[in-house]
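Enquirer: have a look; sequence and predicted model below, questions after that.
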Amino acid sequence: MNLERELVAYKTLSYSKKTEQEKAIMDGATKQLFESGIEQRALQVGDTIPSLQLRDQFGTHLAVSDLLQQGPLVIVFYRGGWCPYCNLELRAYQAILPELQARHANLLAISPERMELGVDLTQKHRLTFPLLFDENLTVARQFGLVFSLPENLIELYERMGIDLVKSQGNDHGELPVPATYVVNSNGVIVYAFVQADYTKRLEPQVVLDVLSR
């Protein structure tokens, strides 16, 4: 499975159905986010991740410190199940899960989306790894990944049927930028991918290569 190819194909199809104004709003928001420097402010290679304890989609509390005792950790921050690019990404990581486990690594995906929506996403895509509920983006904020959406983008999302208030249970108008981290058993980041452009994600094969090294 080539994630980049699938992402490009979806973006091409999606953009072909949008008006010039809609594309301008979305591209403008991405450009503004890139120029904000959020990619550089986020946690980077060599940083130690904060202590995390979150509930997964089934309400089970998971402590990252316990998982790190088992080996390295792959952490994927995604926007929500309403995001088609996120769905493609999660499915791609599900496809390589046996190879991650063969390298003694655990996989976690984190989003601000409510737990019951995580259950729906799990069933829809037959996911077998934890989707952690980051209430009010507390953890994403510790990683330096949170940004506020421009008002015109929020309005566009609403017209598209994307209700972040319902999805997250708050009206803060915030999201995490997509990010993938590979963390060693000491909690130190050994690989970081932080992307202001939500249509781009890290190819899972890169994660496997990092773990193999």
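Expert: Received, thanks.
Enquirer: could I get the phi/psi values of the residue nearest the centre of the chain?
Expert: Of all residues in the chain, the one closest to the mean position by CA atoms, centre = their mean is residue 78, 1.8 Å from it. Backbone geometry at residue 78, expressed as degrees, to the nearest 10, gives phi -130, psi 160.
Enquirer: got it, and residue 146?
Expert: phi -90, psi 140.
Enquirer: how near is it to residue 17?
Expert: 29 Å (CB to CB, to the nearest Å). Placement of C-beta: from N, CA and C, glycine included.
Enquirer: can you pull out the low-pLDDT segments for this protein?
Expert: 1 (pLDDT under 70).
Enquirer: what does the top helix by length along it contact?
Expert: The longest helix of the chain (DSSP state H) is helix 20-35. Helix 20-35 is contacted by residues 15, 18, 147, 149-150, 152-153, 156, 177, 196-198 when judged by CB atoms under 8 Å, 6 or more residues apart in numbering.
Enquirer: quick one, helices of the protein?
Expert: Using DSSP H, helices in the chain cover 3-16, 20-35, 38-41, 64-68, 84-95, 97-102, 115-125, 138-142, 151-159, 164-168, 204-212.
Enquirer: highest neighbour count among the contacts of helix 20-35?
Expert: residue 177 (24 neighbours; other CB atoms under 10 Å).
Enquirer: is that one in contact with residue 41, as I believe?
Expert: No - between residue 177 and residue 41 no contact is recorded; they are 10.3 Å apart, counting by CB atoms under 8 Å.
Enquirer: and residue 50, how many residues sit next to it?
Expert: 13.
Enquirer: touching, it and residue 142? I think so.
Expert: Yes - using CB under 8 Å, residue 50 is in contact with residue 142, at 4.6 Å.
Enquirer: nearest spatial neighbour of residue 89, skipping sequence neighbours?
Expert: residue 201 (4.6 Å; CB to CB, 6 or more residues apart in numbering).
Enquirer: burial of that neighbour, as a residue count?
Expert: What residue 201 shows, counting by other CB under 10 Å, is a neighbour count of 25.
Enquirer: ok, now residue 40?
Expert: 9.
Enquirer: in stretch 4-20, what's buried?
Expert: 6-7 (16 or more other CB atoms under 10 Å).
Enquirer: cool, stretch 50-69 as well?
Expert: Going by 16+ other CB under 10 Å, stretch 50-69 has these buried residues: 52, 54-57, 62, 64, 67-68.
Enquirer: list the contacts of it.
Expert: Outside stretch 50-69, the residues that reach it (CB under 8 Å, 6+ apart) are 49, 73, 106, 108, 110, 115-116, 118-119, 121-122, 130-134, 139, 142-143, 183, 185-187.
Enquirer: what's the closest non-adjacent residue to the residue nearest to the centre of the chain?
Expert: Going by CB to CB, 6+ apart, residue 78 has residue 86 as its nearest residue, at 4.0 Å.
Enquirer: identify the residues contacting that neighbour.
Expert: 78-80, 111, 178.
Enquirer: of all these, which two lie farthest apart?
Expert: Using CB to CB, these reach their maximum pairwise distance at 80 and 178, which is 11.2 Å.
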